[in-house]
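# here are the coordinates; sequence isn't available:
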């Protein structure tokens, strides 16, 4: 049949174009993306562990998962602000963006450590 | 402000800017002083005392906190209330207000200013209302500019709705919570406008302060996701939106879970689900925009079709699971109070306690005019002004006012959340109107005077803008301004389609309109000051009345609590209706059975049943609770209408809801609660009737005329068998009774079989049954 084949071809073409477009991004952004993937992966591991072992103490589970999700979100925000293609942030120096990122992470982890129990 | 001239000398414009900034600063300072002073009427008219009921609990908690420190406060289990259950204060109170007041007290003491805790508590609310006015200035400045900000700030400083909950002495959660609400919204809008992660962090911290302060924080955590959704749907998504929203959700949920009152409810109740849903949605949208950015359009179409076909299936599965989980809980995961907001009839059907609180009733139409006055018809003008131009910030304010109008219509207490939104909108409207009028007058003044370089330059700028437009539009203004204009070319008289085309009105009309606007504002000021002075300054613990021979002061409540604290033992238990629980523990320092927290409906029903039962049964119930004293509020002598007989219907209803032997029709004659000769025997025999009207005929020489109900009472001469009166205040407003102890010897049928020496022994075996040894 013609249709599934074209869908498959489309999927392949899409995959390749995504890959080529992504490899064109600068290295610093790729490092941030890697960090985001790592944080999300850690969160998933924690959820799987909770599914096996049970959710007590719930506050520890919550703080663990939310710390991973939180750093991922903040890293995405950093990536948005550092990305040269974003016209809205072109006069924001990347040092300032990183300083904000560090500050927000400090607050996040302070709260996490308080809530971890 | 009118566009400052770029081509003229720079120093004059910076001087203008600098003087404008200084002027704005001083105006803000004055606004703060105004907000503080207008709330001081109660201190001037009465005294520096804490008002109402709930503030006494907060005051007691603050006293404990300043005396014992934060750790003891956080882990405090209070055994002086809800006897014998007790109450976990650390886990059931919103600590923001008390922590704020204790911090201020500590700071003042560190500076060697020895203010008492009570003084700090009384003046917390006015101080924070000044901060709230400044926060309104900041928020409205982000939406429309400095002029609108100042106008909104001065409106909020005086709006009667906010004054009613933040007078000096009203030491309640809303005193700091409204400031936290406005400040959180300001930081959210600032993050949205600037895209700075620093402000996002501050936003989360401010949200944390809001969660600490008030249960109304759920309004924030539902309004902001709604706004994000609105922005996404109206194709206003931008990276700044992501930075404004996503860190707030994560940090905000964590910080909300930190507060013991909220705890795990932050992730498990339906009030927060909206934020998680929109969190997922914004990530999907962000990913979609990102992929759209890096792919070619053709490839993006392919990706879109693939994702949609797969994603729809996954979405349906997830939604089905979610619905199953939520539907399995009886209240669909919402708490009682939130449900009563969504479905206004819910409380009256299922939770009579929530329905009985007068603050939870829907407001009447006159209360809108009383509470926000002139703003009621400035708000629609403000909404229209926000639409031109529509920015992220102005769409947020529009959504805020629409939501708060709905909720204020459900519960009169939430008029307080509506007031800041009304002030912002009215500030915008007034400022735009002022701008239009003064621009017309300035334009006219520049027209008729010598050619000032500024005016020609501004006209040249306008000429350039005009030349960009089509020719047809030029015809209209020349027709309109035949009277005034000497030069036809630079006529920026077109109706404002964009902000570059200012609207100029005829000068007489604008002068007259300016005068009318000032008059309107004057009406508002007069009404606000009147409301603050007359309507909202009563402390309700001290009552006054004016008569021909001067001012009468009714200080009966404090008299009764002082009597209790001086004439009873520290461990004695006092039973009264739940309204007076907080005041009794705070001022009389005695253990109470039920108080205003109303967390245990069965316990309240027990007290209500005891009040509605005859003396014997009531004595039994109170004795089982170790009660020594019963306190009753009675207004029949002076005409105080919030007394316990008027609240009796709730005692019957709540008691009857738990104990079926209390049936409301037993107390009703023709559907009304009556205490005169037509009253039912159940009513005349109830403890509440007896305790209220015992010896009442002695006050007016035998007639027994109840000034509140307006009739003579039904049963006039009776004796109390199980209670004895120990104290009645000066105006008979508070009456305290003591439970008579059980008699040592029992009269009646068992008397003959007893020997003279040992009366207790053999009779004890015979009277083990529940029979009351009185008769």
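Perfect, thanks for sending it. Only a predicted model underlies this, so the values are computations on that prediction, with no experimental measurement involved.

# where do the strands of the chain begin and end?
Using chain A. Remark: no strands are assigned in chain A by DSSP state E.

# if you could check chain B rather than the one you did, that'd help
Using DSSP E, the strands of chain B run over residues B:77-78, B:87-88, B:543-547, B:550-554, B:573-575, B:591-592, B:627-633, B:668-669, B:672-673, B:705-706, B:711-712, B:723-728, B:734-739.

# quick one: closest of those strands to residue B:534.
Nearest to residue B:534 among the strands of chain B is strand B:543-547; the distance by Cβ to Cβ comes to 11.8 Å. Every C-beta, even on glycine, is put in place using the N, C-alpha and C of the backbone.

# what angle do strand B:550-554 and that closest one make with each other?
160 degrees (axes from the mean of the first three to the mean of the last three Cα atoms, to 10 degrees).

# so who does residue B:134 touch?
Residue B:134 sits next to B:28, B:31-32, B:153 when contact means Cβ atoms under 8 Å, 6 or more residues apart in numbering or on different chains.

# show me the two of those that sit farthest apart.
That would be B:32 and B:153, which, of those, are the farthest apart (Cβ to Cβ) at 8.8 Å.

# quick one: which of the contacts of residue B:134 has the most company?
When the contacts of residue B:134 are compared by neighbour count (other Cβ atoms under 10 Å in any protein chain shown), residue B:153 ends up highest, at 29 neighbours.

# was I right about that one contacting residue B:28?
Yes - here residue B:153 reaches residue B:28: they are 6.8 Å apart, a contact under Cβ atoms under 8 Å.

# identify the contacts common to those two.
Common neighbours of residue B:153 and residue B:28 (criterion: Cβ under 8 Å, 6+ apart): B:134, B:137.

# pull the number of nearby residues for residue B:626.
Residue B:626, neighbours per other Cβ under 10 Å, totals 15.

# lowest-scoring secondary structure element of chain A by mean pLDDT?
The helix or strand of chain A with the lowest confidence, counting by mean pLDDT, DSSP states H and E, is helix A:2-23 at a mean of 73.

# sorry, back to before: can you redo the strands of chain B as CSV with mean pLDDT, mean neighbour count and distance to chain A?
Shown next, in CSV, are these (pLDDT from 0 to 100; neighbours: other Cβ atoms under 10 Å in any protein chain shown; distance: least, Cβ to the nearest Cβ, whole Å):
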stretch, mean pLDDT, mean neighbour count, distance to chain A
strand B:77-78, 92, 14, 20
strand B:87-88, 91, 17, 17
strand B:543-547, 85, 12, 46
strand B:550-554, 86, 11, 49
strand B:573-575, 93, 24, 37
strand B:591-592, 93, 24, 33
strand B:627-633, 93, 23, 40
strand B:668-669, 86, 16, 49
strand B:672-673, 85, 14, 48
strand B:705-706, 88, 20, 56
strand B:711-712, 87, 16, 59
strand B:723-728, 93, 16, 49
strand B:734-739, 93, 22, 46
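
# could you find the closest non-adjacent residue to residue B:372?
Excluding the flanking residues, the one nearest residue B:372 by Cβ to Cβ, 6 or more residues apart in numbering or on different chains is residue B:422, at 5.0 Å.

# pretty sure the one you found contacts residue B:374?
No - between residue B:422 and residue B:374 there is no contact under Cβ under 8 Å: 9.9 Å.

# ramachandran angles for the residue in the stretch 551-700 of chain B that chain A sits nearest to?
Nearest to chain A, among the residues of the stretch 551-700 of chain B, is residue B:599, at 22.8 Å (Cβ to the nearest Cβ). Main-chain torsions, residue B:599, degrees, to the nearest 10: phi -90, psi -20.

# need the contact list for it.
Residues in contact with residue B:599 (Cβ under 8 Å, 6+ apart) are B:82, B:87, B:92.

# hang on, isn't the second one packed against residue B:76?
No - counting by Cβ under 8 Å, residue B:87 sits too far from residue B:76 to count as a contact (9.2 Å).

# follow-up on the earlier one: neighbour count winner among residue B:422 and residue B:374?
residue B:422 (29 against 21).

# residues contacting the more buried one?
Neighbouring residues of residue B:422 by Cβ under 8 Å, 6+ apart: B:159, B:372, B:375-376, B:378-379, B:401.

# possible to save these as TSV with neighbour count?
Shown next, in TSV, are these (neighbours: other Cβ atoms under 10 Å in any protein chain shown):
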residue	neighbour count
B:159	29
B:372	28
B:375	28
B:376	13
B:378	26
B:379	21
B:401	21
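
# the residues you listed in helices, which ones?
Among these, the members found in helices (DSSP state H) are B:372, B:375-376, B:378-379, B:401.

# tell me the one of those nearest residue B:306?
Among the ones in helices among the contacts of residue B:422, residue B:401 lies closest to residue B:306 (Cβ to Cβ), at 41.6 Å.

# okay, the closest residue to the closest one other than its chain neighbours: pLDDT?
Leaving aside its sequence neighbours, residue B:401 sits nearest to residue B:421 (Cβ to Cβ, 6+ apart; 4.0 Å). Per-residue pLDDT puts residue B:421 at 94.

# so residue B:421 makes contact with residue B:397?
Yes - with contact defined as Cβ under 8 Å, residue B:421 reaches residue B:397; the gap is 7.0 Å.

# tell me which parts of the stretch 201-350 of chain B are close to chain A?
Within the stretch 201-350 of chain B, the residues that sit near chain A (Cβ under 8 Å from any Cβ of the partner chain) are B:201, B:204-205, B:238-240, B:242-243, B:246-247, B:250-251, B:253-255, B:257-258, B:264, B:267, B:286, B:291, B:293-296, B:299, B:302-303, B:306.

# measure residue B:52 to residue B:538 for me?
Using Cβ to Cβ, to the nearest Å, one gets 9 Å for the distance from residue B:52 to residue B:538.

# then residue A:116?
In terms of Cβ to Cβ, residue A:116 sits 48 Å off from residue B:538.

# cool, and residue B:546?
Applying Cβ to Cβ, the value for residue B:546 to residue B:538 is 13 Å.

# and if you look at residue B:160?
Going from residue B:160 to residue B:538 by Cβ to Cβ gives 14 Å.
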